[in-house]
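Asker: Got a sequence here, can you model it:
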Amino acid sequence: AAAKKHLEYFQYTDMDFVKIQYEQQYEPVDFIKKPADWSKLIPKKLDFYEPQLVTVREIVKAARKDALIVMTLYSPFMWAGHCATRPVLLQHMEENPEAVKKGMDALIESQLLFVRACIDIGVDGFYMSTQGSESGQLKDPGLFRDYVKPADLVAMREITSSTPFNILHVCDYN
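Answerer: Alright, predicted model coming up:
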């Protein structure tokens with residue numbers, strides 16, 4: 001159904017590329033109560049993404065000859081906010097960023113599985129949505145520089161080395 005709606009929108013608007021906006025978020029986890037709990041976050045395996053990958057396969061198969069296919073990809077920091085809520089994530093980043101980094105590393109590992117699967121399927125690029133340095137989010141800008149940005153760059157390096165058409169979107173809705 002998701003692929004069908006994406007393709008209907010693409011055909012209706014006569015756009016030059018298809019931006020896939022179907023995303024599976026990490027579910028909130030109730031065990032993250034303190035910064036040390038981030039180390040308990042287990043990377044999702046590729047089967048977690050299979051419903052989304054089905055959509056990607058169908059869209060690539062149907063539209064690749066007519067358009068660029070771009071997959072939406074949220075940053076590990078944004079995914080971490082889905083896991084523990086944004087206020088908890090920000091508090092833990094302020095208290096112990098090294099502990100939070102352990103969870104973000106798990107998210108990065110999982111994200112790379114998804115990115116590589118999308119590349120293998122044939123996407124032309126990614127719409128990489130990131131955030132974390134907005135005014136007032138992290139009291140210490142060094143936390144963004146030392147933890148959020150490096151996490152984002154892992155996937156960004158992977159996609160720019162493998163796909164020709166990538167868009168960086170700096171999301172500021174918070």
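Asker: ok, residue 163 - contacts?
Answerer: Contact analysis of residue 163 by Cβ atoms under 8 Å, 6 or more residues apart in numbering lists 119, 123-126. (C-beta placed from N, C-alpha, C; glycine too.)
Asker: got a list of what the residue most central in space within the chain touches?
Answerer: For the chain, residue 74 is the residue whose C-alpha lies nearest the centre (Cα atoms, centre = their mean; 2.4 Å). By Cβ under 8 Å, 6+ apart, the contact list for residue 74 reads 23, 25, 129-130.
Asker: Need the max-distance pair from these.
Answerer: For the contacts of residue 74, the maximum inter-member distance is 15.3 Å, found between 25 and 130 (Cβ to Cβ).
Asker: ok, these two, which is more surrounded?
Answerer: residue 130 (22 against 11; other Cβ atoms under 10 Å).
Asker: what's near enough to touch that one?
Answerer: Listed by Cβ under 8 Å, 6+ apart, the contact set of residue 130 reads 74-75, 77-78, 148, 152, 168-171.
Asker: Of those, which pair is most distant in space?
Answerer: The two members of those with the most space between them (Cβ to Cβ) are 148 and 169, at 15.0 Å.
Asker: between the two, who's got more neighbours?
Answerer: Neighbours per residue, other Cβ under 10 Å: of residue 148 and residue 169, the larger number sits with residue 148, 26 against 15.
Asker: Can you give me the distance of the closest residue in space to residue 63 that isn't next to it in sequence to residue 128?
Answerer: Of all residues not flanking residue 63 in the chain, residue 18 sits nearest, at 5.2 Å (Cβ to Cβ, 6 or more residues apart in numbering). Distance of residue 18 to residue 128, computed by Cβ to Cβ, to the nearest Å: 16 Å.
Asker: Ok, residue 49 next?
Answerer: As judged by Cβ to Cβ, residue 49 and residue 128 stand 16 Å apart.
Asker: The two: which has the busier surroundings?
Answerer: Between residue 49 and residue 128, counting by other Cβ under 10 Å, residue 128 is the more crowded of the two (23 against 19).
Asker: Nice, that's everything, thank you.
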